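Colleague: The following block contains a protein sequence and its predicted model.
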Amino acid sequence: MPESRSFAATAGFALICVVGLLVPVLTDDQYQLDVAMRVLQLLLLAMSLHLVLSTGRLNLAHISFMGIGAYVAAALTMRFGVPTLPAALVAVAVAAVVALVLGLIILRLAGAYFFLVTFAFLNVVVLFFHSFFEDIFGGASGLIGVPNPDPITLFGNTFTFESRRSLYELTLMVFAVAGALLMRLRYSQFGLMCDAVRQSERVAAAVGVNPLRIKTVAFVTASSIAAVVGTLFAYSQKVVHYADFNIDAMLRLVVFVVVGGVGTIWGVIAGTVVLSLATELLRGLHAYEALAYGIIIVAVMLFLPDGIGGLARRLWEAR
Amino acid sequence: MPGGGDLAAPGGAFSVVAGLKPAPTEEVILRLDGITRRFGGVCAVDDLSMRVSRRSIHGLIGPNGSGKTTTFNLIAGEIAPSSGAIFFKGRDITGSPPHRIARLGIARTFQATDLFPEFSVAQNLMIAAQLRAPMGFWSSVLRTPRYATARGKMRQRVDAILERLRLIEMRDMIVRDLPHRQQKAVALANALATDPELLMLDEPAAGLTHQEIEDIMSLYRSLCGEGRTILIVEHNMRTVMALCDRITVLNHGRKIAEGMPSEVANNELVLEAYLGKGGSQVRVRSRRERGVVQ
Amino acid sequence: MTVQLLLQGLVNGVGLSMVYILVALGLTLIFSILRIINFAHGEFYMMGGFISYYCTQYLQTNYVLTIIIAFGVVLVAGILVERLIFSRLRANLLAGFIASLGLLWIMQSSAILIFGVVDKEVHGAFDGVVRAFGVVIAKERLFVIACCAGLIACFYLFLRTSRHGIALRAIAQDSDAAALQGVDVNRLSAWAFGIGCAIAAVAGALLAPVYFVSPSMGTLPVIKAFIIIILGGMGSLLGAVYGGFLIGLLESIAPLYFPAASVEMLGFLVVMAVLVVRPQGLFGNA
């Protein structure tokens, strides 16, 4: 990847982390902290989705792994009394295993078929948490009242998570670490190989790159990070309900990513930040929000198919 | 030596005088045993058996549709034969996937798109070069010092190959913006970056000028000097006759002739295949007969 | 379970199948000609239902006439949408899909803003039921079945025998070859899109008296239609018909024996299995 682009992206990511640090300083309003938390979670979700997109596949079930992470962590904590950290680790492990098994089966499919399979899988997951093991997963009502995470003791200091602010700080920390990991991957030899696989699996194989392996590693990593977001979501939102992981939620995420521009990770970041904040502003005006969304998407697809990121890149190269 | 050879090593590639090349060895590096491939009712390759000697330049010729590219695809692992077996360095590679065959030491070029269009020339080669210095997910995450030195070495190898093929000035240009002829050169560079023992070239001379063809012929000879083997599909008869140690001729998927250029050139069946019935009346005089060489 | 119940289930199933088949036919026609996965297809179905509602409610039109009006209006709307939006996105599959998503949101939210979210009732032309062999069928449903069957037959004949129909099938097989033969691919693609949407609208109008009309009525049928064409083979019209019957019957009979949630989940699992093992569908060719 050309150095100039990685600098722009890293700078953008660092900027968001800095802004993130300033938010709790600037405001004490619970609602605004919640918005900031949701934006950070969405960002991590979008950035991990980008990892899969960089190998040339659109995983329409990405949000289902967030759901698996959320449900498993919450269920372990609430039904079985498992402490926070083990519950979260098990949740992510379960998601990773599911992703591995699923990925090995479906990643060999061509793009359009992969897309449809993941669409079906998303529905399977929603139905699973809605209708099966109701005593564990809460059935139609979902899981309500997820407790706060257990206190952590590090280097002699004990951190508790009883306030929104502390939950926000936890979210920010996880975002910084996982986000940095994703940025690092993007601009590394592995990231280059992902892009190569996306451009031509045939040529990649001819020069010794195993396309299935690259796609699977990306898929499992991205899904695991989605599961991490899921556990954060569970502990911060306090409610885990399958409607948060259905096709509507996933498509909203896809819109963020596509409007931002699938080609670049900072495009994805920009698109997510802009649109998720816009969503918060339009919250409550459901029909108008949907109408506005629809018009924006169609306009962007017609006139800016590379998204905001693509436009920015073209402007940068033309200067 | 092949596999461990470094194209950039001084005295390696350029120590061989252009125009002369060492004789091929007796050792068989590639062997096809009764390879057949059917597509529905059509038999694209029919009971093909063939041996390629190490350090030789082996030509594969025949009229359009005779099964040459299918044979390449079979060897490279993109498709599996309906029957028969393929051996590389004595090892059965029938049905192995393409990336594994590349790792074993076979590289190929394609007739059409064989590059990563959005990447620069250097980035294309960085992907191919990583075959000999594998690094993947964990090294990219952890960024050990080994990762940095390995990447540095890769960049050096890449630049050396680009120098040799006179592409160094366009190392940062995006490949899809390059003219076709240079794209072909990048494709060859890519194949070389995997440090292959067997190089399969699919019509590399198409669209080149006479001088350019002379240049790449001397390049191929020097590659053989390094210990590599070349299997080449080519339509340009002059190139084939001048370059190849041995030629296999296909028609309708079957082998109709095999041998040294002079033998093949005057083979009746070959002439018929290319020129139709009555073509066998035409006799091609070899370069020696024409007095071009002693 | 008595035979009676089974028969009743079968009959209900046939009616449901027919409608799904219409929607699926439209979807697969669009996919085979234009190669786009049109998520907004269900909204044209919904549009048909609302046209029927609006005409009967405010313009006092005869119900049967509204079906024809729905076909015409949505035909024009579909052609416009194709010309304005999808024709520019032919090359990019992902962009086309995303755009269809945007279209879905535009259409659904417009319906909510114009008509509100409350379900609307539409009065059909037929009241009462017919009893035969111990099975009860509403006359309305018989009408639906008859219309669907008729429309499917017409559609089949059109594709087989008419000049334009054959041209459409040529485009579906190989659009470049068809263009070389003198087929105006752009114009026919627009018409194909329009017809596909119009068929869905007729389905919506036909079902309006049977169920309610609401802005979200298109979501379920389009998901069912996707399942049908994946099972039947995307781009295969006969596959859509067979798949439609399969799904419709399964849906009517399976809930008699199994819990509904399992049936739904099984449906999606079967879709996944088909896509992995036989992506061209049970009836399509590779």
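Modeller: That came through, no problem. Fair warning: this is a prediction, and the values are worked out from it, not measured in the lab.
Colleague: mind showing which ranges of chain A have poor pLDDT?
Modeller: For chain A, the stretches with pLDDT under 70 are A:1-5, A:319.
Colleague: Which positions in it make contact with chain B?
Modeller: Contact residues (C-beta under 8 Å from any C-beta of the partner chain) of chain A with chain B: A:2, A:181, A:184-185, A:188-193, A:195-196, A:199-200, A:202-211, A:217, A:221. All C-beta atoms are positioned from the backbone trio N, CA, C, and that covers glycine.
Colleague: The strand or helix carrying residue A:234 and chain C in contact?
Modeller: Secondary structure from DSSP states H and E places residue A:234 in helix A:211-237. No. Residues of helix A:211-237 are not located near chain C by C-beta under 8 Å from any C-beta, the shortest gap being 14.0 Å.
Colleague: So for stretch B:88-101, mean pLDDT?
Modeller: For stretch B:88-101, the mean pLDDT works out to 93.
Colleague: Does the nearest residue to residue B:70 once chain neighbours are set aside belong to a helix, a strand or coil?
Modeller: Spatial nearest neighbour of residue B:70, chain neighbours left out: residue B:44 (4.4 Å); criterion: C-beta to C-beta, 6 or more residues apart in numbering or on different chains. Assigned state for residue B:44: strand (three-state reduction, DSSP: H, G, I helix; E, B strand; the rest coil).
Colleague: Name all residues that make contact with residue B:44.
Modeller: Under the criterion of C-beta atoms under 8 Å, 6 or more residues apart in numbering or on different chains, the contact list for residue B:44 reads B:37, B:38, B:67, B:70, B:253.
Colleague: can you tell me how far it sits from residue B:60?
Modeller: 14 Å (C-beta to C-beta, to the nearest Å).
Colleague: one step back: show me the contacts of residue B:44 that map onto strands.
Modeller: Those of these mapping onto strands are B:37, B:38, per DSSP state E.
Colleague: Just the buried residues of the contacts of residue B:44.
Modeller: Among those, those classed as buried by 16 or more other C-beta atoms under 10 Å in any protein chain shown are B:37, B:67, B:70, B:253.
Colleague: Make CSV out of these and add pLDDT and distance to residue C:237.
Modeller: Shown next, in CSV, are the buried ones among the contacts of residue B:44 (pLDDT from 0 to 100; distance: C-beta to C-beta, whole Å):
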residue, pLDDT, distance to residue C:237
B:37, 92, 33
B:67, 87, 37
B:70, 91, 34
B:253, 87, 37
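Colleague: And those residues, which is closest to residue B:193?
Modeller: Ranked by distance to residue B:193 (C-beta to C-beta), the buried ones among the contacts of residue B:44 are led by residue B:70 at 25.9 Å.
Colleague: Run a quick neighbour tally on the closest residue to residue C:231 other than its chain neighbours.
Modeller: Take residue C:231 and drop its neighbours on the chain: the residue closest to it by C-beta to C-beta, 6+ apart is residue C:243, 4.4 Å away. As a burial measure, residue C:243 scores 30 neighbours (other C-beta atoms under 10 Å in any protein chain shown).
Colleague: Can you report phi and psi for residue C:243?
Modeller: Phi and psi for residue C:243, reported as degrees, to the nearest 10, are phi -60, psi -40.
Colleague: Surely it touches residue C:226?
Modeller: No. In this structure residue C:243 lies outside contact range of residue C:226 using C-beta atoms under 8 Å: 10.5 Å.
Colleague: Excluding chain neighbours, give the residue nearest to residue A:230 in space.
Modeller: residue A:69 (2.8 Å).
Colleague: Now for that neighbour: which residues touch it?
Modeller: A:88, A:91-92, A:94-95, A:226-231, A:233-234.
Colleague: Recalculate using a threshold of 7 Å.
Modeller: Residue A:69 makes contacts with A:91, A:92, A:95, A:226, A:227, A:228, A:229, A:230, A:231, as judged by C-beta atoms under 7 Å, 6 or more residues apart in numbering or on different chains.
Colleague: returning to that earlier point: give me the pLDDT value at the residue nearest to residue C:231.
Modeller: The model's pLDDT for residue C:243 equals 83.
Colleague: Surely it touches residue C:228?
Modeller: Yes. Under the criterion of C-beta atoms under 7 Å, residue C:243 makes contact with residue C:228 at 4.0 Å.
Colleague: thinking again about what came up before, so which of the residues of chain A next to chain B sit within helices?
Modeller: Using DSSP state H, the subset of the residues of chain A next to chain B located in helices is A:181, A:184-185, A:189-193, A:195-196, A:199, A:202-206, A:211, A:217, A:221.
Colleague: which among these end up buried?
Modeller: Using 16+ other C-beta under 10 Å, the buried ones in these are A:181, A:184-185, A:189-193, A:195-196, A:199, A:203-206, A:211, A:217, A:221.
Colleague: before we move on, back to that, can you add distance to residue B:131 and neighbour count and give the contacts of residue A:69 back as CSV?
Modeller: Listed next are the contacts of residue A:69 as CSV, based on distance: C-beta to C-beta, whole Å; neighbours: other C-beta atoms under 10 Å in any protein chain shown:
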residue, distance to residue B:131, neighbour count
A:91, 37, 27
A:92, 33, 23
A:95, 32, 29
A:226, 32, 30
A:227, 33, 29
A:228, 33, 27
A:229, 35, 25
A:230, 37, 31
A:231, 39, 29
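Colleague: now the helices for the stretch 1-150 of chain C?
Modeller: C:3-34, C:41-58, C:63-84, C:93-115, C:139-161 (DSSP state H, counting those that start in this stretch).
Colleague: Run a quick neighbour tally on residue C:113.
Modeller: Residue C:113 has 14 nearby residues by other C-beta under 10 Å.
Colleague: Once you drop chain neighbours, what's closest to it?
Modeller: Using C-beta to C-beta, 6+ apart, the closest residue to residue C:113 is residue A:287 (5.1 Å).
Colleague: Can you point out the buried residues in the one helix or strand the one you found maps to?
Modeller: Using DSSP H and E, residue A:287 falls within helix A:286-303. Across helix A:286-303, burial judged by 16+ other C-beta under 10 Å covers A:287, A:289-294, A:296-298, A:300-302.
Colleague: ok, so of those residues, who is nearest residue A:29?
Modeller: residue A:289 (22.0 Å).
Colleague: Would you mind listing the residues in contact with that closest one?
Modeller: With contact taken as C-beta under 7 Å, 6+ apart, residue A:289 is in contact with A:279, A:282.
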